[in-house]
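Asker: Next come a sequence and a model predicted from it.
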Amino acid sequence: MGTIVCVTGRTGAGKSTIVKTMAEEFSMPFHGFGNYERQKWLEMFGYKSPAEYWTKLGLERGHFSLYPEHIAQVRDRVTERGIAVESIYSVTMLDLLRTEFPDHRAILVGAIANDELRFERFRARESVWTDRPEYEFKVMEGFKVRIGMLVAMERAEFVIENEGSIGSLREKIRDLGNELRLIDCR
């Protein structure tokens with residue numbers, strides 16, 4: 001049985017970094033839901049940031065409408081070993097992954113970081129939409145709460161705290177991989 005490692009977390013907590021590092025450490029593919037959404041809406045409408053397209057398109061069209069595409073992306077990439085995916089902001093998406101991939105166990109991992117680090121990481125992104133990153137950060141947090149991120153975080157089976165050091169984060173990811181027996185699958 002393979003593993004779908006689903007990473008949820010607040011803006012700037014390191015979800016993409018965790019998923020990419022897991023993919024590297026455990027020789028598994030990854031899919032970035034958030035990165036996929038950003039690329040899709042940038043190509044279609046020129047929208048750079050989730051705050052921008054969620055504001056302009058609404059959540060129904062700007063986020064939830066892409067669930068079938070995300071499932072298709074995971075289906076195209078998942079292996080017998082599994083896959084790591086980021087930006088699971090709703091229990092609905094987690095349940096959908098569990099339903100669509102019954103031969104894999106889907107594990108929910110919460111990414112956390114202190115507010116200062118999260119905002120610092122957010123400001124460093126090229127995809128900041130406005131010249132007011134504090135405003136945009138707050139808007140993104142509000143939308144993620146509406147999507148269901150806080151409920152997803154409460155249901156996380158494991159938590160990885162990002163303290164800002166890639167070495168420390170990599171060590172925590174290896175520990176999680178050992179616990180999930182991802183190492184044995186190499």
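Answerer: Cool, the structure landed.

Asker: burial count for residue 120?
Answerer: The number of residues packed near residue 120 is 13, by other Cβ atoms under 10 Å. C-beta here means a position set from N, CA and C on the backbone, and glycine is covered the same way.

Asker: Might you report the residue contacts of it?
Answerer: By Cβ atoms under 8 Å, 6 or more residues apart in numbering, the residues touching residue 120 are residue 12.

Asker: Can you classify it as helix, strand or coil?
Answerer: For residue 120, the assignment made with DSSP: H, G, I helix; E, B strand; the rest coil gives helix.

Asker: And the pLDDT at it?
Answerer: At residue 120, the model reports a pLDDT of 93.

Asker: Quick check: the gap between it and residue 38.
Answerer: Using Cβ to Cβ, to the nearest Å, we find residue 120 at a distance of 19 Å from residue 38.

Asker: how about the strands of the chain, start to end?
Answerer: 2-9, 30-32, 82-86, 104-112, 158-161 (DSSP state E).

Asker: Deepest-packed of the ones you listed, please.
Answerer: Among those, strand 82-86 has the highest mean neighbour count (mean count of other Cβ atoms under 10 Å), at a mean of 27.

Asker: Report all helices and strands that that strand contacts.
Answerer: With contacts taken as 3 or more Cβ pairs under 8 Å, 6 or more residues apart in numbering; DSSP states H and E, strand 82-86 sits against strand 2-9, helix 15-25, strand 30-32, helix 33-45, helix 67-77.

Asker: what sits up against it?
Answerer: Contacts of strand 82-86 (Cβ under 8 Å, 6+ apart): 2-7, 15-16, 18-19, 22-23, 26, 28-35, 70, 74, 77, 97, 104, 182, 185.

Asker: What of stretch 30-41?
Answerer: With Cβ under 8 Å, 6+ apart, stretch 30-41 has contacts from 15-16, 19-20, 22-23, 47-50, 52-53, 57, 62-63, 66, 69-70, 73-74, 77, 83-88, 93, 127.

Asker: one more time with 7 Å, if that's ok
Answerer: 15-16, 19-20, 22-23, 47, 50, 53, 62-63, 66, 70, 73-74, 77, 83-88, 127 (Cβ atoms under 7 Å, 6 or more residues apart in numbering).

Asker: What's the ChimeraX syntax to select whichever of those residues are buried?
Answerer: Listed next is the ChimeraX selection for buried residues among the contacts of stretch 30-41, using 16 or more other Cβ atoms under 10 Å:
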select :15,16,19,20,22,23,47,50,53,62,63,66,70,73,74,83,84,85,86,87,88,127
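
Asker: Please consider this matter closed, and thank you.
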